[in-house]
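Novice: Fold the following for me, if possible:
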Amino acid sequence: MADGRRVKHYYPTESVGLATGMLIAALHIAGLATLIHTPSPMKFLNELLGRPKSAERPFLLLVVGYPDENAQVPDIGRKLLNEVVSYV
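Specialist: I've put the predicted structure just below:
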C-alpha cells in the first residue's frame, strides 16, 4: 500500500491463470493468434522492464499477433467419454 503496509492476496496465481485464459479466448475470437511462453526464471523481466522486484512477479509472456494467411491449425477433436472414464 502507499504507506508501506502489505496486503495479503488470496489465490493470485489461480486468478491470473483464469484471467489469462479468458484473454486468450477473447483474442482467438477476435482472429488473433497467441503463444504462451514461461521462461524459468522469469525475474529477468523485472529488470528488463524496470519493474519493482519486491512487489511484482512475472507470470507469463503472451505473444499476440495476426496469423499468416497460410497458417494451418491441426484439427484436434475431443476423446470419447469411454476413452477417459473408468467406472468402478
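Novice: Okay, strands next: where are they in the protein?
Specialist: With DSSP state E as the criterion, the chain has strands at 33-37, 61-65.
Novice: For the first one, output the C-alpha coordinates as PDB.
Specialist: Spelled out, that is strand 33-37. Extracted C-alpha coordinates of strand 33-37, given in PDB (Å, rounded to 0.1, in the frame of the first residue of the first chain):
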ATOM      1  CA  ALA A  33      -3.100 -16.000 -32.700                       C
ATOM      2  CA  THR A  34      -1.400 -16.400 -29.300                       C
ATOM      3  CA  LEU A  35       1.700 -18.100 -27.900                       C
ATOM      4  CA  ILE A  36       2.400 -18.500 -24.200                       C
ATOM      5  CA  HIS A  37       6.000 -18.600 -23.000                       C
END
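Novice: which outside residues touch that strand?
Specialist: Contacting residues not belonging to strand 33-37 are listed as 20, 24, 27-28, 60-67, 71 [CB atoms under 8 Å, 6 or more residues apart in numbering]. For the C-beta atoms, the positions are set from N, CA and C on the backbone; glycine is no exception.
Novice: Out of the helices and strands in the chain, which is least certain?
Specialist: helix 44-49 (a mean of 88; mean pLDDT, DSSP states H and E).
Novice: Good, we can wrap up now.
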